[in-house]
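**Q** Dropping the sequence and predicted coords here.
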Amino acid sequence: MLDRRYKTLAVLATTLSYTKAAQHLFITQPAVSQQIRSLEQELAVKLVSKNGTRIHLTAKGTQLVQYINKVSLENDHILQQIKTDSEEQTIKIGSTYSLSIFLLPELIESLLSTTTKIQTMIDNTDEILEALRQGKIEFGIVEGNFDKNEFDAITIRNEEFIGVTSSRNPLLNQNDITIDNLLQAMLLIRESGSGTRAIFSNWLATKNYQINDFNEQIEVANPTTIIQLLKDNVGISFMYKSLITEELKQHILVELTIEGFKISHPINLIFLKNSYFTEKYKLIAEKLDK
(Lines give C-alpha, C1' and ligand atoms only; values in the text may rest on other atoms or scores of the structure.)
Protein backbone atom coordinates (compact mmCIF):
# COMPACT_ATOMS: atom_id res chain seq x y z
CA MET A 1 0.00 0.00 0.00
CA LEU A 2 1.29 3.47 -0.89
CA ASP A 3 1.28 6.18 1.76
CA ARG A 4 -0.82 9.33 1.47
CA ARG A 5 1.96 11.39 -0.17
CA TYR A 6 1.62 9.31 -3.33
CA LYS A 7 -2.13 9.87 -3.42
CA THR A 8 -1.52 13.60 -2.96
CA LEU A 9 0.84 13.61 -5.95
CA ALA A 10 -1.74 11.76 -8.07
CA VAL A 11 -4.43 14.31 -7.18
CA LEU A 12 -2.04 17.19 -7.87
CA ALA A 13 -1.30 15.69 -11.28
CA THR A 14 -5.01 15.91 -12.06
CA THR A 15 -5.69 19.40 -10.68
CA LEU A 16 -2.30 21.01 -11.45
CA SER A 17 -3.16 23.30 -8.54
CA TYR A 18 -2.03 23.06 -4.91
CA THR A 19 -5.20 24.87 -3.84
CA LYS A 20 -7.55 22.53 -5.73
CA ALA A 21 -5.59 19.49 -4.59
CA ALA A 22 -5.94 20.64 -0.97
CA GLN A 23 -9.69 21.14 -1.41
CA HIS A 24 -10.06 17.69 -2.95
CA LEU A 25 -8.08 16.03 -0.15
CA PHE A 26 -9.64 18.14 2.66
CA ILE A 27 -6.24 19.30 3.89
CA THR A 28 -4.44 22.67 3.82
CA GLN A 29 -2.43 23.93 0.88
CA PRO A 30 0.81 24.00 2.95
CA ALA A 31 0.18 20.34 3.83
CA VAL A 32 0.02 19.47 0.12
CA SER A 33 3.28 21.33 -0.53
CA GLN A 34 4.96 19.66 2.44
CA GLN A 35 3.94 16.16 1.31
CA ILE A 36 5.27 16.75 -2.20
CA ARG A 37 8.59 18.11 -0.86
CA SER A 38 8.87 15.14 1.50
CA LEU A 39 8.34 12.70 -1.37
CA GLU A 40 10.88 14.49 -3.56
CA GLN A 41 13.45 14.43 -0.77
CA GLU A 42 12.88 10.75 -0.07
CA LEU A 43 13.16 9.77 -3.73
CA ALA A 44 15.90 12.33 -4.46
CA VAL A 45 14.15 13.40 -7.65
CA LYS A 46 12.20 16.46 -8.79
CA LEU A 47 8.54 15.55 -9.32
CA VAL A 48 6.80 18.91 -9.73
CA SER A 49 8.11 22.00 -11.52
CA LYS A 50 6.79 25.55 -11.44
CA ASN A 51 6.75 28.10 -14.27
CA GLY A 52 5.42 31.39 -12.95
CA THR A 53 2.04 30.62 -11.43
CA ARG A 54 1.67 27.37 -13.38
CA ILE A 55 2.86 23.97 -12.21
CA HIS A 56 3.48 20.80 -14.16
CA LEU A 57 4.87 17.35 -13.51
CA THR A 58 8.40 16.52 -14.56
CA ALA A 59 9.01 13.43 -16.71
CA LYS A 60 9.84 11.48 -13.55
CA GLY A 61 6.75 12.85 -11.84
CA THR A 62 4.55 11.73 -14.74
CA GLN A 63 6.13 8.29 -14.67
CA LEU A 64 5.51 7.96 -10.95
CA VAL A 65 1.87 9.08 -11.23
CA GLN A 66 1.25 6.45 -13.90
CA TYR A 67 2.61 3.85 -11.48
CA ILE A 68 0.51 5.24 -8.59
CA ASN A 69 -2.68 5.09 -10.65
CA LYS A 70 -1.95 1.53 -11.76
CA VAL A 71 -1.27 0.35 -8.21
CA SER A 72 -4.45 2.05 -6.95
CA LEU A 73 -6.60 0.45 -9.64
CA GLU A 74 -5.14 -3.00 -9.08
CA ASN A 75 -5.58 -2.57 -5.32
CA ASP A 76 -9.28 -1.71 -5.73
CA HIS A 77 -9.77 -4.68 -8.05
CA ILE A 78 -8.12 -7.13 -5.66
CA LEU A 79 -10.09 -5.81 -2.67
CA GLN A 80 -13.32 -6.25 -4.61
CA GLN A 81 -12.33 -9.83 -5.37
CA ILE A 82 -11.60 -10.52 -1.70
CA LYS A 83 -14.83 -8.93 -0.42
CA THR A 84 -17.22 -10.65 -2.82
CA ASP A 85 -17.88 -14.16 -4.02
CA SER A 86 -16.60 -14.84 -7.52
CA GLU A 87 -20.18 -15.30 -8.76
CA GLU A 88 -21.10 -11.80 -7.61
CA GLN A 89 -18.22 -9.90 -9.21
CA THR A 90 -19.01 -7.52 -12.04
CA ILE A 91 -16.63 -7.66 -14.98
CA LYS A 92 -16.21 -4.31 -16.73
CA ILE A 93 -15.01 -4.54 -20.31
CA GLY A 94 -14.51 -2.14 -23.18
CA SER A 95 -14.88 -2.65 -26.91
CA THR A 96 -14.42 -0.53 -29.99
CA TYR A 97 -17.49 0.09 -32.15
CA SER A 98 -16.41 -2.30 -34.91
CA LEU A 99 -15.56 -5.15 -32.55
CA SER A 100 -18.80 -4.66 -30.63
CA ILE A 101 -20.64 -5.93 -33.69
CA PHE A 102 -18.88 -9.24 -34.32
CA LEU A 103 -16.52 -9.99 -31.39
CA LEU A 104 -18.07 -8.51 -28.24
CA PRO A 105 -21.10 -10.88 -28.30
CA GLU A 106 -18.69 -13.81 -28.48
CA LEU A 107 -16.69 -12.39 -25.57
CA ILE A 108 -19.78 -11.95 -23.42
CA GLU A 109 -20.98 -15.49 -24.15
CA SER A 110 -17.55 -16.87 -23.17
CA LEU A 111 -17.75 -15.07 -19.81
CA LEU A 112 -21.21 -16.33 -18.88
CA SER A 113 -19.75 -19.56 -17.48
CA THR A 114 -18.04 -17.55 -14.71
CA THR A 115 -20.33 -14.55 -14.15
CA THR A 116 -23.64 -13.07 -15.19
CA LYS A 117 -22.69 -9.56 -14.04
CA ILE A 118 -21.05 -7.84 -16.98
CA GLN A 119 -20.83 -4.15 -17.84
CA THR A 120 -19.69 -2.99 -21.27
CA MET A 121 -18.37 0.28 -22.62
CA ILE A 122 -18.43 0.78 -26.39
CA ASP A 123 -16.36 3.61 -27.85
CA ASN A 124 -13.39 4.26 -30.14
CA THR A 125 -9.87 3.09 -29.36
CA ASP A 126 -8.71 6.35 -27.75
CA GLU A 127 -11.62 6.38 -25.32
CA ILE A 128 -11.16 2.71 -24.42
CA LEU A 129 -7.51 3.40 -23.56
CA GLU A 130 -8.50 6.36 -21.39
CA ALA A 131 -11.10 4.25 -19.60
CA LEU A 132 -8.40 1.71 -18.79
CA ARG A 133 -6.18 4.45 -17.35
CA GLN A 134 -9.02 5.67 -15.15
CA GLY A 135 -10.04 2.20 -13.98
CA LYS A 136 -13.50 2.40 -15.53
CA ILE A 137 -12.92 -0.95 -17.24
CA GLU A 138 -10.67 -3.93 -16.47
CA PHE A 139 -9.68 -4.73 -20.03
CA GLY A 140 -10.68 -3.90 -23.56
CA ILE A 141 -10.73 -5.38 -27.04
CA VAL A 142 -9.34 -2.98 -29.63
CA GLU A 143 -7.89 -2.93 -33.12
CA GLY A 144 -6.20 0.45 -32.87
CA ASN A 145 -2.68 1.41 -31.86
CA PHE A 146 -1.65 1.78 -28.22
CA ASP A 147 1.45 2.55 -26.16
CA LYS A 148 3.14 -0.77 -25.36
CA ASN A 149 5.01 0.90 -22.50
CA GLU A 150 1.69 1.63 -20.83
CA PHE A 151 -0.43 -1.39 -21.76
CA ASP A 152 0.06 -5.12 -22.17
CA ALA A 153 -1.80 -6.96 -24.90
CA ILE A 154 -2.75 -10.45 -25.98
CA THR A 155 -3.45 -10.90 -29.67
CA ILE A 156 -6.78 -12.69 -30.05
CA ARG A 157 -6.73 -13.12 -33.81
CA ASN A 158 -5.91 -11.41 -37.07
CA GLU A 159 -8.79 -9.94 -39.06
CA GLU A 160 -8.86 -9.19 -42.76
CA PHE A 161 -9.31 -5.46 -43.44
CA ILE A 162 -10.84 -4.65 -46.83
CA GLY A 163 -12.16 -1.92 -49.08
CA VAL A 164 -15.87 -2.30 -49.79
CA THR A 165 -18.67 -0.73 -51.80
CA SER A 166 -22.11 -1.46 -53.21
CA SER A 167 -22.32 -4.05 -55.99
CA ARG A 168 -24.01 -1.25 -58.01
CA ASN A 169 -21.09 1.18 -57.78
CA PRO A 170 -19.78 2.11 -61.29
CA LEU A 171 -16.28 2.11 -59.80
CA LEU A 172 -16.36 -1.68 -60.15
CA ASN A 173 -16.30 -1.28 -63.94
CA GLN A 174 -12.61 -0.36 -63.66
CA ASN A 175 -10.31 -3.23 -64.59
CA ASP A 176 -7.63 -2.17 -62.13
CA ILE A 177 -8.64 0.07 -59.24
CA THR A 178 -5.86 2.42 -58.14
CA ILE A 179 -5.64 4.98 -55.35
CA ASP A 180 -6.27 7.71 -57.91
CA ASN A 181 -9.57 6.02 -58.79
CA LEU A 182 -10.50 5.89 -55.09
CA LEU A 183 -9.79 9.58 -54.56
CA GLN A 184 -12.66 10.45 -56.90
CA ALA A 185 -15.15 8.42 -54.85
CA MET A 186 -17.13 9.42 -51.77
CA LEU A 187 -15.19 8.11 -48.75
CA LEU A 188 -17.16 6.99 -45.69
CA ILE A 189 -14.67 7.24 -42.85
CA ARG A 190 -14.74 6.75 -39.09
CA GLU A 191 -14.03 9.59 -36.64
CA SER A 192 -10.62 10.59 -35.27
CA GLY A 193 -9.60 8.24 -32.47
CA SER A 194 -11.03 5.22 -34.29
CA GLY A 195 -8.72 2.25 -34.80
CA THR A 196 -10.35 1.56 -38.16
CA ARG A 197 -9.55 5.07 -39.35
CA ALA A 198 -5.96 4.76 -38.11
CA ILE A 199 -5.41 1.52 -40.05
CA PHE A 200 -6.60 3.05 -43.30
CA SER A 201 -4.76 6.33 -42.67
CA ASN A 202 -1.50 4.47 -42.01
CA TRP A 203 -1.86 2.52 -45.25
CA LEU A 204 -2.48 5.72 -47.20
CA ALA A 205 0.65 7.22 -45.66
CA THR A 206 2.76 4.35 -47.02
CA LYS A 207 1.54 5.41 -50.49
CA ASN A 208 2.21 9.11 -49.76
CA TYR A 209 -1.48 9.99 -49.50
CA GLN A 210 -3.78 11.12 -46.69
CA ILE A 211 -7.50 11.06 -46.00
CA ASN A 212 -7.90 14.72 -46.93
CA ASP A 213 -6.79 13.88 -50.48
CA PHE A 214 -10.26 12.40 -51.07
CA ASN A 215 -12.49 14.90 -52.86
CA GLU A 216 -15.58 13.89 -50.88
CA GLN A 217 -15.74 12.55 -47.33
CA ILE A 218 -18.46 11.67 -44.85
CA GLU A 219 -17.31 11.08 -41.28
CA VAL A 220 -19.51 8.60 -39.39
CA ALA A 221 -18.86 7.33 -35.85
CA ASN A 222 -21.01 4.21 -36.15
CA PRO A 223 -19.95 1.35 -38.47
CA THR A 224 -23.56 0.15 -38.74
CA THR A 225 -24.52 3.48 -40.31
CA ILE A 226 -21.61 3.21 -42.73
CA ILE A 227 -22.73 -0.27 -43.79
CA GLN A 228 -26.27 0.97 -44.42
CA LEU A 229 -24.98 3.86 -46.55
CA LEU A 230 -22.88 1.44 -48.57
CA LYS A 231 -25.92 -0.76 -49.14
CA ASP A 232 -27.72 2.35 -50.40
CA ASN A 233 -24.88 2.78 -52.91
CA VAL A 234 -23.29 5.75 -51.16
CA GLY A 235 -19.52 5.79 -51.60
CA ILE A 236 -16.78 3.41 -50.49
CA SER A 237 -15.36 2.48 -47.10
CA PHE A 238 -12.74 0.35 -45.37
CA MET A 239 -13.52 -2.06 -42.54
CA TYR A 240 -13.14 -5.55 -41.17
CA LYS A 241 -14.47 -8.25 -43.44
CA SER A 242 -16.20 -9.90 -40.48
CA LEU A 243 -18.52 -6.89 -40.21
CA ILE A 244 -20.16 -7.60 -43.56
CA THR A 245 -19.98 -11.37 -44.01
CA GLU A 246 -23.65 -11.73 -44.93
CA GLU A 247 -23.70 -8.69 -47.23
CA LEU A 248 -20.74 -10.10 -49.15
CA LYS A 249 -22.33 -13.54 -49.41
CA GLN A 250 -25.52 -12.01 -50.79
CA HIS A 251 -23.52 -9.80 -53.16
CA ILE A 252 -25.16 -6.68 -51.74
CA LEU A 253 -21.68 -5.36 -50.99
CA VAL A 254 -18.50 -6.18 -52.87
CA GLU A 255 -14.87 -6.21 -51.83
CA LEU A 256 -12.77 -3.71 -53.73
CA THR A 257 -9.72 -5.23 -55.39
CA ILE A 258 -7.21 -2.41 -55.01
CA GLU A 259 -3.69 -2.38 -56.35
CA GLY A 260 -1.23 -2.77 -53.45
CA PHE A 261 -3.91 -3.15 -50.77
CA LYS A 262 -3.77 -6.25 -48.60
CA ILE A 263 -4.13 -5.82 -44.83
CA SER A 264 -4.57 -8.30 -42.01
CA HIS A 265 -4.70 -6.54 -38.66
CA PRO A 266 -4.36 -7.96 -35.12
CA ILE A 267 -7.24 -7.72 -32.66
CA ASN A 268 -5.90 -7.31 -29.13
CA LEU A 269 -7.20 -7.77 -25.62
CA ILE A 270 -5.42 -4.99 -23.71
CA PHE A 271 -4.97 -4.15 -20.02
CA LEU A 272 -2.66 -2.18 -17.76
CA LYS A 273 1.03 -3.03 -17.95
CA ASN A 274 2.21 -5.86 -15.65
CA SER A 275 -1.27 -6.40 -14.25
CA TYR A 276 -1.77 -8.76 -11.33
CA PHE A 277 -4.61 -10.30 -13.35
CA THR A 278 -2.57 -11.10 -16.48
CA GLU A 279 -3.19 -14.86 -16.22
CA LYS A 280 -6.93 -14.27 -15.91
CA TYR A 281 -6.88 -12.16 -19.09
CA LYS A 282 -4.88 -14.82 -20.92
CA LEU A 283 -7.57 -17.39 -20.15
CA ILE A 284 -10.26 -15.03 -21.47
CA ALA A 285 -8.28 -14.37 -24.66
CA GLU A 286 -7.77 -18.10 -25.25
CA LYS A 287 -11.55 -18.61 -25.39
CA LEU A 288 -11.77 -16.06 -28.20
CA ASP A 289 -8.75 -17.22 -30.17
CA LYS A 290 -9.75 -18.97 -33.36
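**A** Cool, the structure landed.
**Q** where exactly do the strands run in the stretch 1-150 of the chain?
**A** Ranges of strands in the stretch 1-150 of the chain, per DSSP state E, counting those that start in this stretch, are 48-51, 54-57, 91-96, 118-123, 139-142.
**Q** what's the next secondary structure element after the last one?
**A** When you say that, I think you mean strand 139-142. Using DSSP states H and E, the helix or strand that directly follows strand 139-142 along the chain is strand 151-166.
**Q** counting contacts, what elements does that following strand pack onto?
**A** Secondary-structure packing of strand 151-166 (3 or more CB pairs under 8 Å, 6 or more residues apart in numbering; DSSP states H and E): helix 223-231, strand 236-240, strand 253-256, strand 263-272, helix 278-288. The C-beta positions use only the backbone N, C-alpha and C, and glycine is treated the same way.
**Q** ok, now which ones touch residue 45?
**A** By CB atoms under 8 Å, 6 or more residues apart in numbering, the residues touching residue 45 are 58, 60.
**Q** Tell me the pLDDT of it.
**A** Residue 45 carries a pLDDT value of 91.
**Q** Could you pull up phi and psi at it?
**A** Dihedral pair for residue 45: phi -150, psi 140, per degrees, to the nearest 10.
**Q** ok, it to residue 58 distance?
**A** 8 Å (CB to CB, to the nearest Å).
**Q** got any ranges where the stretch 151-290 of the chain has weak pLDDT?
**A** 289-290 (pLDDT under 70).
**Q** got the contact list for stretch 152-162?
**A** Contacts with stretch 152-162, where a contact means CB under 8 Å, 6+ apart, come from 103, 141, 143, 146, 199-200, 238-242, 255-256, 263-275, 278, 281-282, 285, 288-290.
**Q** chain center to it, what's the gap?
**A** Taking CA atoms, centre = their mean, to the nearest Å, one finds the center of stretch 152-162 at 13 Å from the center of the full chain.
**Q** Most tightly packed of the helices and strands packed on strand 151-166?
**A** Most buried of the helices and strands packed on strand 151-166, by mean neighbour count (mean count of other CB atoms under 10 Å): strand 236-240, with a mean of 25.
**Q** now for it, which elements pack on it?
**A** Using 3+ CB pairs under 8 Å, 6+ apart, strand 236-240 sits against helix 97-102, strand 151-166, strand 186-189, helix 195-206, helix 223-231.
**Q** can we see that at 10 Å?
**A** Packed against strand 236-240 by the contact rule (3 or more CB pairs under 10 Å, 6 or more residues apart in numbering; DSSP states H and E) you find helix 97-102, strand 151-166, helix 179-183, strand 186-189, helix 195-206, helix 223-231, strand 253-256, strand 263-272.
**Q** I'd like those as JSON lines, with distance to residue 24 appended.
**A** Formatted as JSON lines, the helices and strands packed on strand 236-240 follow (distance: least, CB to CB, whole Å):
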{"stretch": "helix 97-102", "distance to residue 24": "34"}
{"stretch": "strand 151-166", "distance to residue 24": "27"}
{"stretch": "helix 179-183", "distance to residue 24": "51"}
{"stretch": "strand 186-189", "distance to residue 24": "40"}
{"stretch": "helix 195-206", "distance to residue 24": "34"}
{"stretch": "helix 223-231", "distance to residue 24": "39"}
{"stretch": "strand 253-256", "distance to residue 24": "52"}
{"stretch": "strand 263-272", "distance to residue 24": "23"}
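**Q** So which of these is nearest residue 70?
**A** Of all those, strand 263-272 sits nearest to residue 70, with 5.2 Å by CB to CB.
**Q** could you check the angle helix 195-206 makes with that closest one?
**A** Using axes from the mean of the first three to the mean of the last three CA atoms, to 10 degrees, one finds that strand 263-272 and helix 195-206 are set 130 degrees apart in direction.
**Q** Tell me the spatial nearest neighbour of the residue nearest the centre of the chain, not counting adjacent residues.
**A** Residue closest to the mean C-alpha point of the chain, counted by CA atoms, centre = their mean, is residue 125 at 2.7 Å. Nearest non-adjacent residue to residue 125, counting by CB to CB, 6 or more residues apart in numbering: residue 144, 3.0 Å away.
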